[in-house]
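Novice: could you look at this predicted model? Sequence included:
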Amino acid sequence: MNNTAIQTNNLVKTIPQAGRDLQILRGISLHIDKGESVAITGMSGSGKSTLLGLLAGLDLPTSGTVQLFGQSLDGLDEDQRAALRLGKVGFVFQSFHLLENLTALENVMLPLELNPPTHPGLPPQGGREQRAREALQQVGLGERLSHFPNQLSGGEQQRVALARAFVTRPQILFADEPTGNLDRATGHEISDLLFALQEQVQTTLVLVTHDETLAARCQRHYRMEEGRLA
């Protein structure tokens, strides 16, 4: 059985800047197993978030290959890459990215509603609200279902974001600075929740962070230096 979640070969990413090509990533080859937790740290501007976007298929490399769930992203357009991620990939960002006009419950239901009623691994249409309620209860917000984001603290908003990311029980979770906007104590609480949910769902976790303590909790830890992994 293939145990590979993500595989890259010689990834290069360049962008035009001031009349020349700026090389952000320089030949990155990486293998991540299913259920594994991997942290990527490095200075601002080192290419961490760029790499995360390529691994998730949010962007395409200048050269090199990415395989997600054993399928090459080469030749897939944006819609096809989104379809590949649907129901299988979750995201958590530094800035929460909750929709302000939706309640906590409605925000968590979004990934479920975006999937077709017969999507494998997800509850039928009538059971999706209950799945979202359970996800919010898991992160300690069972009493805050009807609250809007502006009625929640930063830590509570990130809890909603975690519930939203895990509500589909994704095979892979990409987390970009998940504690970056939180104070130390709240960040520690969110970290505990993140790893507890990852272990429960057996999700592959790819984490970009400045927090060395958070990175140390992952099974593998890479540092990005001058566009390469060390």
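Specialist: Arrived safely, thanks for sending. Residues are numbered from 1 along each chain as shown.

Novice: could I get the full set of strands for this structure?
Specialist: Secondary structure of the chain (DSSP state E): strands at 4-17, 20-33, 37-42, 63-68, 71-72, 89-93, 172-176, 204-208, 220-225, 228-229.

Novice: so who does Gly227 touch?
Specialist: 23-26, 28, 46-47 (CB atoms under 8 Å, 6 or more residues apart in numbering). Using the backbone N, CA and C atoms, a C-beta is placed for each residue, glycine as well.

Novice: about what we covered before: deepest-packed of the strands of the chain, please.
Specialist: Across the strands of the chain, averaging neighbours per residue (mean count of other CB atoms under 10 Å) puts strand 204-208 on top, at a mean of 25.

Novice: what's the angle from it to strand 172-176?
Specialist: 10 degrees (axes from the mean of the first three to the mean of the last three CA atoms, to 10 degrees).

Novice: which secondary structure elements does strand 204-208 contact?
Specialist: Counting contacts by 3 or more CB pairs under 8 Å, 6 or more residues apart in numbering; DSSP states H and E, strand 204-208 packs against strand 4-17, strand 20-33, strand 37-42, helix 48-55, strand 172-176, helix 184-201.

Novice: mind saving the C-alpha coords of that strand as CSV?
Specialist: The C-alpha coordinates for strand 204-208 follow below in CSV (Å, rounded to 0.1, in the frame of the first residue of the first chain):
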residue,chain,number,x,y,z
THR,A,204,-1.0,14.4,7.7
LEU,A,205,0.1,17.8,9.0
VAL,A,206,2.4,20.3,7.2
LEU,A,207,3.1,23.2,9.4
VAL,A,208,4.8,26.5,8.6
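
Novice: list the contacts for Gly90?
Specialist: 111, 164-166, 168, 170, 172-174, 203.

Novice: quick check, nearest of these to Pro123?
Specialist: Among those, Thr168 lies closest to Pro123 (CB to CB), at 10.1 Å.

Novice: and the most centrally placed residue in the chain, bridged to which residues?
Specialist: With distances taken as CA atoms, centre = their mean, the residue of the chain nearest its centroid is Phe174 (2.0 Å). Taking DSSP bridges, one finds Phe91, Val206 as the beta-bridge partners of Phe174.

Novice: just checking, it touches Val206?
Specialist: Yes - using CB atoms under 8 Å, Phe174 is in contact with Val206, at 5.2 Å.

Novice: any common contacting residues for these two?
Specialist: Common contacts of Phe174 and Val206, defined by CB under 8 Å, 6+ apart, comprise 52, 55.

Novice: what is the burial count for Pro116?
Specialist: Neighbourhood size, Pro116 [other CB atoms under 10 Å]: 10.

Novice: contacts only, for it.
Specialist: Contacts for Pro116 (CB under 8 Å, 6+ apart) come out as none.

Novice: quick one: it and Leu182, what's the gap?
Specialist: When distance is defined by CB to CB, to the nearest Å, Pro116 is 35 Å away from Leu182.

Novice: equivalent analysis for Pro170, please.
Specialist: For Pro170, the distance to Leu182 - CB to CB - is 22 Å.

Novice: count of residues packed around Phe148?
Specialist: Look at Phe148: counted by other CB under 10 Å, it has 16 neighbours.

Novice: so where is the chain shaky, pLDDT-wise?
Specialist: 1, 117-121 (pLDDT under 70).

Novice: partner residues bridging the closest residue in space to Leu55 that isn't next to it in sequence?
Specialist: Spatial nearest neighbour of Leu55, chain neighbours left out: Ile6 (5.6 Å); criterion: CB to CB, 6 or more residues apart in numbering. Per DSSP bridges, residues listed as beta-bridge partners of Ile6: Ile32, Leu68.
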